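Q: coords please:
(one chain, ligands or ions: 1)
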Amino acid sequence: MRVKLCWLQLVQILGMATNLLFAERCRLCSCLCLNNPDDTAALRAVCLRCRAAIWASVTPAQLTYCLPGYVLTVASAACYQGSLKKLVYRFKYDGDCLLAYDLAFLLVQAWVYAMPCLNGLPVVFVPIPLHVSRLAARGYNHAELLAREAGRVLQVPVDTEALRRVKATPPQHGLGQAARWANLAGAFAGNHKRLANKAIVLVDDICTSGATMCEAARAAFAAGATCVVGLTVARARTLKSQ
Ligand SMILES: [Zn+2]
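A: Predicted coordinates for the structure are as follows:
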């Protein structure tokens, strides 16, 4: 019995050591994240304390853009501010791809706001594509990582070939509203074979002016999509319906 107890203790100690060895540092406060890996609701790169702050910021909402020839609804999980803003920035610009899991979990929260617009149709997630030059520089498409993680949880297929970014545009960051819309004009082209008569959900990290989502939707409709909805992790605080 005594030997058994020792072995049991040894296994427990080894388990704790392994957890510590592979534990991630919280991206917000740098403490060790000792989240239970079997907890499907756990954020992997954020500690329990910071997770509470993220959850407190979740306020799913939808915005509708009425543009010539089509209407687009974009559902998002939270405002782009505070801790969430730090995480999105780190995910997008610092190569911290583990955050795709955490941020996609917020996409899942916004999903219920996108679903009513899809009229029960079978859907495909289409991540907003990067131009090949930016994809080469960054090494990954953050929107694709988000779409794949959210698609895995929601069991929605992902199509990365449905849309192409055919115009290398300067970053939207720092541009005014009018310049953002002009910058994106003609930036995307849809693949008719993959979009004709399809219902798709465009996935991205942030919806700021709505220009990226609307231009991508315009290209998707032009290629034959019958229903297009947007889904993002965050939305700009000052966002207004067009
Ligand atoms: Zn933390």
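
Q: so where's the chain shaky on pLDDT?
A: 1-5, 7-8, 11-23, 34-43, 237-242 (pLDDT under 70).

Q: for the ion, what are the nearby residues on it?
A: Proximity of the chain to the ion (CB under 5 Å from the ion) is limited to residues 26, 28, 29, 47, 50. C-beta: built from backbone N, CA, C; applies to glycine.

Q: show me what contacts the second one?
A: Each residue near residue 28 by CB atoms under 8 Å, 6 or more residues apart in numbering is listed here: 46, 47, 50, 53, 83, 86, 87.

Q: again with residue 78
A: Per CB under 8 Å, 6+ apart, neighbours of residue 78: 57, 58, 59, 60, 84, 106, 233, 234, 235.

Q: recalculate using a threshold of 7 Å.
A: The contact partners of residue 78, by CB atoms under 7 Å, 6 or more residues apart in numbering, come to 57, 58, 59, 84, 106, 234.

Q: report the buried members of the residues you listed.
A: Buried by 16 or more other CB atoms under 10 Å: 57, 84, 106, 234, out of the contacts of residue 78.

Q: hang on, the third one packs against residue 57?
A: No - applying CB atoms under 7 Å, one finds residue 106 not in contact with residue 57, separated by 9.1 Å.

Q: right, and the helix or strand after the strand or helix carrying residue 111?
A: Per DSSP states H and E, residue 111 falls inside helix 99-114. Going down the chain from helix 99-114, the next helix or strand is strand 123-127, by DSSP H and E.

Q: got the contact list for the next helix or strand after that next one?
A: Next helix or strand after strand 123-127 toward the C-terminus (DSSP H and E): helix 132-138. For helix 132-138, the external contacting residues (CB under 7 Å, 6+ apart) are 130, 141, 168.

Q: at 8 Å what do you get?
A: The list of residues contacting helix 132-138 from outside it, by CB under 8 Å, 6+ apart, reads 95, 130, 141, 165, 168.

Q: give me the buried positions along that helix.
A: Result for helix 132-138 [16+ other CB under 10 Å]: no buried residues.

Q: CA atoms of it as PDB?
A: Provided in PDB are the C-alpha atoms of helix 132-138 (Å, rounded to 0.1, in the frame of the first residue of the first chain):
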ATOM      1  CA  VAL A 132       0.000  37.000 -51.800                       C
ATOM      2  CA  SER A 133       2.700  39.600 -51.000                       C
ATOM      3  CA  ARG A 134       1.300  40.200 -47.500                       C
ATOM      4  CA  LEU A 135       0.800  36.500 -46.900                       C
ATOM      5  CA  ALA A 136       4.400  35.900 -47.800                       C
ATOM      6  CA  ALA A 137       5.600  38.700 -45.400                       C
ATOM      7  CA  ARG A 138       3.400  37.600 -42.500                       C
END
